[in-house]
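Q: Just to be clear, the model below is a prediction. Sequence and coordinates:
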Amino acid sequence: MTASARQTTALAHALAVAHALSAAERGLPVIPLSRTKLPALRSPHRAARDAKSAESGEGGERLPVPCRGECGLPGHGVYDATTDPAAVRALFAAAPWATGYGIACGRPPHRLIGVDLDVRAEADGAAALDGVAALDALARHHRFTVPPTVTVLTPGGGRHLWLTGPPDTVIPNSASRLAPGVDIRGAGGYLVGPGSVTPRGTYRLAPGTADLSPAPCPAALLPLLAPPDPPRDPGPAGPSDGGQGLIRFVEAAPRGQRNTRLFWAACRAYETGLAPTLLPRLTEAALSAGLPAPEIRATFASAATVTARSGFPGTRQSGAGPV
């Protein structure tokens, strides 16, 4: 890295720390992010995970050792998120390469819900997306109005809307489940905070929204975001078949139902105590169905949060707080 690049990174890091501390002061739990928008700190269990994978002789995408900060070490993604200023500074001090920050969704007091609207022109065989228009169509169809709220403009031309959820509803993460180009960041997910620097540019607050507070989620929109009801006939999915029915259920998911099916299957895995053995197999099934690894991890995090709050023994919640 050249001296100029180091200076640029140092400046972006300092600004990210300042923005993150400001967000934490407003009650928004934060973590440091790298330029790629991923959590900046690597898992302290990475070596153990890699050793386990090597011993099994299996390659491909593997789940991390299931720890959400109970070990007391940083590096657990969104579960490191905090509003404590000293803890925020410590996290960023451990990641001097961080040029951005993430804001954990679903956490009190705001219980943030992020509506991620992608806007993309058709290119290289990929279809065009207009999440803004898709959300407008949803609003007309379901008769709700998106209230004025904090809005973050992304370097790619999209935008993030910040909404708040009620304390008795856990909103899971989803990708294009509501409509193409409309992703939801809920429990176990995070939003890239304004002021974060990435290779494509800087995330910025939309004009006129800097002084707003996150608005409550419209009542007619909330049911569309809530965890989906289980399918009526998913096939064998209980402990009796070792979860093979759940695997087939996820593998056969058509586009538009992949997140929903994976979320439901993960909830069943946690409820029946099969999560330690089933989640790696569900990961492979979801990957074969076309879901990217970050979405799979976010969906598992949402399922763990939902089932833990429902009192099922197969999950644990960490007081510390990606996916």
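A: In hand now; what should we look at? Residues are numbered from 1 along each chain as shown.
Q: List the buried residues for stretch 211-226?
A: In terms of neighbour count (16 or more other Cβ atoms under 10 Å), stretch 211-226 has its buried residues at 214, 217-218, 221-222, 224-225. The C-beta positions use only the backbone N, C-alpha and C, and glycine is treated the same way.
Q: farthest-separated two in the residues you listed?
A: For the buried residues of stretch 211-226, the farthest-apart pair by Cβ to Cβ is 214 and 224; their separation is 18.1 Å.
Q: Redo the buried residues of stretch 211-226 as CSV? Include distance to residue 284.
A: As requested, those are exported to CSV (distance: Cβ to Cβ, whole Å):
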residue, distance to residue 284
214, 37
217, 34
218, 38
221, 33
222, 33
224, 29
225, 28
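Q: need the contact list for the nearest residue to residue 274 once chain neighbours are set aside.
A: Using Cβ to Cβ, 6 or more residues apart in numbering and skipping residues adjacent in sequence, the residue nearest residue 274 is residue 243, 5.2 Å away. For residue 243, the contact set (Cβ atoms under 8 Å, 6 or more residues apart in numbering) comprises 237, 268-269, 272, 274, 277-278, 281.
Q: Dump those residues to JSON lines, plus distance to residue 104 and secondary structure.
A: Listed next are the contacts of residue 243 as JSON lines, based on distance: Cβ to Cβ, whole Å; DSSP: H, G, I helix; E, B strand; the rest coil:
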{"residue": "237", "distance to residue 104": "31", "secondary structure": "coil"}
{"residue": "268", "distance to residue 104": "26", "secondary structure": "helix"}
{"residue": "269", "distance to residue 104": "23", "secondary structure": "helix"}
{"residue": "272", "distance to residue 104": "28", "secondary structure": "coil"}
{"residue": "274", "distance to residue 104": "27", "secondary structure": "coil"}
{"residue": "277", "distance to residue 104": "28", "secondary structure": "helix"}
{"residue": "278", "distance to residue 104": "26", "secondary structure": "helix"}
{"residue": "281", "distance to residue 104": "28", "secondary structure": "helix"}
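Q: If any of those residues are buried, give me the ChimeraX selection for them.
A: A single ChimeraX command is used to select the members of those judged buried by 16+ other Cβ under 10 Å:
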select :237,268,269,272,274,278,281
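Q: could the contacts of residue 243 go into a markdown table alongside pLDDT and distance to residue 76?
A: Putting the contacts of residue 243 into a markdown table (pLDDT from 0 to 100; distance: Cβ to Cβ, whole Å) gives the following:
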| residue | pLDDT | distance to residue 76 |
| --- | --- | --- |
| 237 | 44 | 29 |
| 268 | 85 | 24 |
| 269 | 86 | 20 |
| 272 | 82 | 25 |
| 274 | 83 | 23 |
| 277 | 86 | 22 |
| 278 | 89 | 21 |
| 281 | 91 | 23 |
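Q: I'd like to know which of the contacts of residue 243 is nearest to residue 298.
A: residue 269 (15.8 Å).
Q: Just the buried residues of the longest helix along the chain, please?
A: Using DSSP state H, we find that the single longest helix of the chain is helix 3-25. Buried residues in helix 3-25, counted by 16+ other Cβ under 10 Å: 9, 12-13, 15-17, 19-21, 23-24.
Q: Over to stretch 131-150?
A: Quick answer for stretch 131-150 (16+ other Cβ under 10 Å): 131-132, 134-135, 138, 144, 146, 149-150.
Q: Please, which helix or strand holds residue 223?
A: Taking DSSP states H and E as the criterion, residue 223 maps to helix 222-225.
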